[in-house]
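How does the following fold in three dimensions:
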Amino acid sequence: MESGSKVTPGDIERSYQEKMIKEKLSNIGRKILVMSGKGGVGKSTIASYLALSLADKGYKVGLLDVDLHGPSIPRMLNVKGGFEMPEKDIIKPYAFSENLKIVSVEMLLDDKDTAIIWRGPLKIGAINQFIGDLDWGTLDYLVIDSPPGTGDEPLTVAQTITDAEAIIITTPQEVSLSDVRKSINFCRQVKINMIGLIENMSEYVCPHCGGKSAIFGTGGGAKMAAQMDIPFLGTIPIDPKVVELADQGRLDTMLGQTDNVINNVFDVIINKITT
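Below is the predicted model:
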């Protein structure tokens, strides 16, 4: 504040929130922003299963859904409850399991089909409150599911969580890869370290004959990562079972299936992230 300037209630509130955000973030190890250049690439599914897999391996994990206009994580994980208030003035995220806590704007809505019509300042305020006003406790990882593109939500995360890291999701076809270039350049512009790129929907494996079909092409993600000089984390095949379980809110039931190729892929990805 300049000398002689008047301190307003808004200034005090912002200062307090900034202090609380800093305090909460100091108790969180790594903050991973899962983002994509376009919608429909499976970003929220990957963010959810990444959080589930990390928690299953014993890490303390938070899953923050900042896709404010199209929150889907609560439905994928069958989140029926809301925030927890064990004591006065203490608000905790939804405890999905011993190791996983979840926050999504959908948990605030009575009608889950309500359209959220918010402009930039409301989005920024909501994200800051999700981070600063909630008692996340001590976490090893905070996985943040961002909406597609490079708008208010990922920008707010970048400005609020200055040590955030990004995982970028793409599919093999060129229309997706073109938008991924923008996401990569966004990360460089706002100085977010990129953990790497994941190619989703790389191929379809027939459950009957075992034959493989590259419906959206193949190899585009690895080539893009090499061209843009970022790590390539792996490819995830199309598995109709994943879609079915996510629609049923039972995505977590895949955990522990050692013969499931998706789990094998995530083991490799998590090993690259955690080592």
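
mind saving the C-alpha coords of the strand or helix carrying Lys31 as PDB?
Of the helices and strands defined by DSSP states H and E, Lys31 is found in strand 28-36. C-alpha atoms of strand 28-36 as PDB (Å, rounded to 0.1, in the frame of the first residue of the first chain):
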ATOM      1  CA  ILE A  28       1.000 -29.600   0.200                       C
ATOM      2  CA  GLY A  29       3.900 -31.300  -1.500                       C
ATOM      3  CA  ARG A  30       3.400 -31.300  -5.300                       C
ATOM      4  CA  LYS A  31       0.600 -29.600  -7.100                       C
ATOM      5  CA  ILE A  32      -0.200 -31.100 -10.500                       C
ATOM      6  CA  LEU A  33      -2.400 -29.300 -12.900                       C
ATOM      7  CA  VAL A  34      -4.000 -31.700 -15.500                       C
ATOM      8  CA  MET A  35      -4.900 -29.700 -18.600                       C
ATOM      9  CA  SER A  36      -5.700 -30.100 -22.300                       C
END
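
Bridging across strands, which residues link to Ile90?
Beta-bridge partners recorded for Ile90 (DSSP bridges): Glu87.

And it, how far from Asp133?
Note on Ile90: its distance to Asp133, by CB to CB, to the nearest Å, is 10 Å. Glycine gets a C-beta too; all of them are placed from N, C-alpha and C.

which of these two has more neighbours?
Asp133 (14 against 10; other CB atoms under 10 Å).

Which phi and psi values does that one adopt?
phi -90, psi -10 (degrees, to the nearest 10).

I'd say it and Met20 touch.
Yes: the criterion here is CB atoms under 8 Å, and Asp133 meets it with Met20 at 6.7 Å.

re earlier: next secondary structure after the strand holding Lys31?
helix 43-56.

what does the average pLDDT come to for that following helix?
For helix 43-56, mean pLDDT is 97.

Now do Lys212 against Lys241, distance only.
16 Å.

An error on my part: the question was meant for Ser72.
Taking CB to CB, one finds Ser72 at 18 Å from Lys241.

Looking at these two, which is more packed in?
Ser72 (18 against 13).

What pLDDT is listed against the more buried one?
At Ser72, pLDDT is 90.

what do you get for Val7?
62.

Going along the chain, name the strands of this protein.
Along the chain, counting by DSSP state E, strands occupy 28-36, 61-65, 84-87, 90-92, 94-95, 100-104, 139-145, 165-170, 193-205, 212-213, 232-238.

Next, format the ones you listed as JSON lines and append distance to Ser53.
Listed next are those as JSON lines, based on distance: least, CB to CB, whole Å:
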{"stretch": "strand 28-36", "distance to Ser53": "12"}
{"stretch": "strand 61-65", "distance to Ser53": "9"}
{"stretch": "strand 84-87", "distance to Ser53": "24"}
{"stretch": "strand 90-92", "distance to Ser53": "23"}
{"stretch": "strand 94-95", "distance to Ser53": "18"}
{"stretch": "strand 100-104", "distance to Ser53": "10"}
{"stretch": "strand 139-145", "distance to Ser53": "10"}
{"stretch": "strand 165-170", "distance to Ser53": "13"}
{"stretch": "strand 193-205", "distance to Ser53": "13"}
{"stretch": "strand 212-213", "distance to Ser53": "24"}
{"stretch": "strand 232-238", "distance to Ser53": "12"}
